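**Q** The amino acid sequence is not available; the structure is as follows:
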């Protein structure tokens, strides 16, 4: 039933009810029902009709209004995401492309000199940042499909996209469909997973990578595991591992726990809530 139909029903039902009652009263009930009693019964009948029939229409009206407000909020959020994606593309992404062109030119001019390796390191960093920005743009422009649980499906799809862009051979098992994450929690969780996979790609030399997620609303975990060379010493204190420290800070700000266990052949980063 449409919004317009609901409004007309709310207007017509009390009117029709009173009209029918007055007709029946005057045609058939006058010998048995006094005028005062009939006048008292009129609002009582209208009240019971309103409770039994119009209450459902009011709920439908409230549902239609809530759906409209939700649609407007979703549209506003999508417009904001699209605007941010355009700003990233037109600003940072194009600046990185220009920087990449300049570093390539500098690399050719400095080939064979003692600065060649420095330029290569800069080129590698620019490429990684550019990949990160492009992934962020893709996620901002991602529109969840209207499914039974769109939030869970959207999160899983974005994780699959990150894996495809960073470690395509990684194996994913995702069982967090019953866990509801807010928009901010999704952003932070995706950033943590992305950082873990980037570290695997850059440093682990792994042949097997696994992303496993499971749990419920009160207790869940995401485990990124690889069979690479491992990390010597405390990985959170290494000079060149700023990303890991930032990831730990992200998790702590969201009230999550981050565990990092590293050994040759078995390195695990576990992000979760309610872990023992």
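**A** Yes, it's here. As the structure is a prediction and not an experimental result, all values here were calculated from the model.
**Q** ok, and what's touching stretch 11-26?
**A** Applying CB atoms under 8 Å, 6 or more residues apart in numbering, the contact partners of stretch 11-26 are 33, 38, 41-42, 45-46, 49-50, 53-54, 57. Yep, even glycine has a C-beta here, placed from its N, CA and C like the rest.
**Q** again, 6 Å this time
**A** By CB atoms under 6 Å, 6 or more residues apart in numbering, the residues outside stretch 11-26 that reach it are 38, 45-46, 49, 53.
**Q** Equivalent analysis for stretch 213-230, please.
**A** Under the criterion CB under 6 Å, 6+ apart, residues 174-176, 178-179, 196, 200, 204-206, 208-212, 262-265, 267-275 lie in contact with stretch 213-230.
**Q** pLDDT-wise, what's the bottom of the contacts of stretch 11-26?
**A** For these, the minimum pLDDT belongs to residue 53; the value there is 70.
**Q** by contact count, what packs against the helix ranked longest in the chain?
**A** Determined from DSSP state H, the single longest helix within the chain is helix 55-87. With contacts defined as 3 or more CB pairs under 6 Å, 6 or more residues apart in numbering; DSSP states H and E, helix 55-87 has these neighbours: helix 3-24, helix 116-140.
**Q** Could you tell me the angle between the shortest one and helix 55-87?
**A** For helix 3-24 against helix 55-87, the angle by axes from the mean of the first three to the mean of the last three CA atoms, to 10 degrees is 170 degrees.
**Q** shaky segments in the stretch 51-200 of the chain?
**A** Along the stretch 51-200 of the chain, segments meeting pLDDT under 70 span 135, 138-154.
**Q** can you give me the helices in the stretch 101-250 of the chain?
**A** Counting by DSSP state H, counting those that start in this stretch, the stretch 101-250 of the chain has helices at residues 116-140, 150-166, 183-199, 242-253.
**Q** Helix 150-166 and the longest one, what's the angle between them?
**A** In this case it means helix 116-140. Relative orientation of helix 116-140 and helix 150-166, computed by the same axes, to 10 degrees: 160 degrees.
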